[in-house]
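Participant: model this:
(one chain, ligands or ions: 1)
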Amino acid sequence: MFQVKVMSVRDYGFAVDLANTMDWGMDVTDFAFNQSLEPDGCLTLLDGAVPVGIATCVSFGKVGWFGNFIVNLECRRQGAGRLLLDHAVKYLQGRGVETIGLYAYPCLEDYYGKFGFKTDNLSSLTVMHNSNVQTCICSSIDFGVQPDFSVLTRFDSEFFGADRSRLLRSILLQEKFSLYCASFVGKEMVGYILSKTWGPIAEVGPLVCHPDRLDMALELLKVMLQRLVNRPVTLYLPQNQGLLEAFLLTVGFRKSFSLSRMFLGESKIQSGVCLAESLERG
Ligand SMILES: CC(C)(COP(=O)(O)OP(=O)(O)OC[C@H]1O[C@@H](n2cnc3c(N)ncnc32)[C@H](O)[C@@H]1OP(=O)(O)O)[C@@H](O)C(=O)NCCC(=O)NCCS
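Facilitator: Now for the predicted structure:
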């Protein structure tokens with residue numbers, strides 16, 4: 001019989017192996033990071049005593065995100081996924097979440113639809129990758145000044161639709177592993193970009209910028225990529241970011257695959273979110 005429990009550190013190896021059967025490129029630090037943010041939101045599905053599935057959730061006030069959802073091939077189509085997803089939804093709602101987001105393979109839109117998730121037709125997401133950022137990318141802008149953390153999180157929540165200061169703080173606290181720059185017009189913040197590096201691999205995002213100043217989003221992206229030369233870089237680009245996509249294609253990024261953004265509840269994300277933070281946290 002299937003049952004759901006909170007993931008333990010001992011399950012991380014299983015979680016990594018299972019996730020990577022889908023080529024998700026996960027490692028133990030990914031699950032440790034998710035669990036540091038949401039200790040009870042990382043879930044393991046058991047068949048008797050044997051782990052057979054995983055999922056992760058994170059809550060940001062009224063918005064939550066669901067990801068890393070996978071069940072062992074042999075256990076699929078027996079209601080295991082339903083148990084895990086129902087558990088995750090109840091968990092997030094119990095934390096006060098009103099809107100749950102996720103990124104779905106397009107072929108699973110009907111699957112999530114059965115649980116009430118609706119596709120956000122305004123924005124699918126393309127995973128883009130550059131195996132070795134090499135181009136000398138120049139930006140004329142000097143992004144020397146860093147704002148107070150409270151200014152950053154207030155700006156971010158205006159566009160993300162929820163306060164994800166817990167996540168942003170956790171990324172920024174890993175000083176050696178994160179890079180960050182912000183852009184201002186006068187005293188007004190107009191955008192910021194953040195990246196995480198895990199060993200040699202870098203993930204760029206979030207990039208949040210006022211929709212009237214997408215020129216600044218492009219400059220922020222250029223500055224960040226300048227700092228990541230000679231590394232493999234992955235990023236998650238919403239469909240409506242044509243300017244950024246055109247630039248990325250000229251500097252060696254390739255489209256890997258696309259995902260549909262789905263919500264249970266009302267979408268709160270605004271168009272200023274130019275790069276997602278990750279697939280499992282929005
Ligand atoms: C997605 C996944 C977790 C579903 O798990 P599962 O245990 O097979 O799902 P369930 O058996 O609980 O299915 C629940 C319902 O969805 C249906 N269903 C299952 N897979 C489906 C699919 N691929 N498309 C549409 N419906 C599907 C089932 O028939 C069932 O319907 P019912 O309740 O009316 O009988 C599993 O297929 C999986 O691990 N896939 C690989 C990883 C993956 O793609 N993860 C999602 C990333 S977005």
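
Participant: so, in contact with the ligand or not, stretch 247-263?
Facilitator: No: when contact is scored as CB under 6 Å from any ligand atom, no part of stretch 247-263 falls within range of the ligand; the minimum is 7.1 Å. Placement of C-beta: from N, CA and C, glycine included.

Participant: what pLDDT, on average, does that stretch get?
Facilitator: Mean pLDDT, computed over stretch 247-263, is 96.

Participant: May I see the buried residues of it?
Facilitator: Residues of stretch 247-263 classed as buried by neighbour count (16 or more other CB atoms under 10 Å): 247-248, 253, 259-263.

Participant: and those, which two are the farthest apart?
Facilitator: For these, the farthest-apart pair by CB to CB is Phe247 and Phe263; their separation is 28.5 Å.

Participant: now, which of the buried residues of stretch 247-263 sits nearest Arg10?
Facilitator: Of all those, Arg10 sits closest to Leu259, with 30.1 Å by CB to CB.

Participant: Quickly find the element holding the closest one.
Facilitator: Here Leu259 is covered by strand 254-264, with elements defined by DSSP states H and E.

Participant: who touches that strand?
Facilitator: Contacting residues not belonging to strand 254-264 are listed as 89, 99-106, 109, 112, 115-120, 123-130, 234, 238-239, 279 [CB atoms under 8 Å, 6 or more residues apart in numbering].

Participant: Tell me which of the residues you listed fall in strands.
Facilitator: 99-104, 118-120, 123-130, 234, 238 (DSSP state E).

Participant: what residues are up against the residue in the stretch 1-150 of the chain that the ligand sits nearest to?
Facilitator: When distances are taken as CB to the nearest ligand atom, the stretch 1-150 of the chain reaches nearest to the ligand at Gly81, 2.3 Å away. Going by CB under 8 Å, 6+ apart, Gly81 touches 53, 69, 71, 111.

Participant: what bridges to the closest residue to the second one other than its chain neighbours?
Facilitator: I take that to be Phe69. Across the structure, with CB to CB, 6 or more residues apart in numbering as the measure, the residue nearest Phe69 apart from its sequence neighbours is Ala55 (4.5 Å). In this structure, Ala55 has the following beta-bridge partners (DSSP bridges): Leu43.

Participant: Ala55: neighbouring residues, count only.
Facilitator: In terms of burial, Ala55 registers 26 neighbours under the definition other CB atoms under 10 Å.

Participant: That one against Leu83, yeah?
Facilitator: No: under the criterion of CB atoms under 8 Å, Ala55 lies out of contact with Leu83, with a separation of 10.2 Å.
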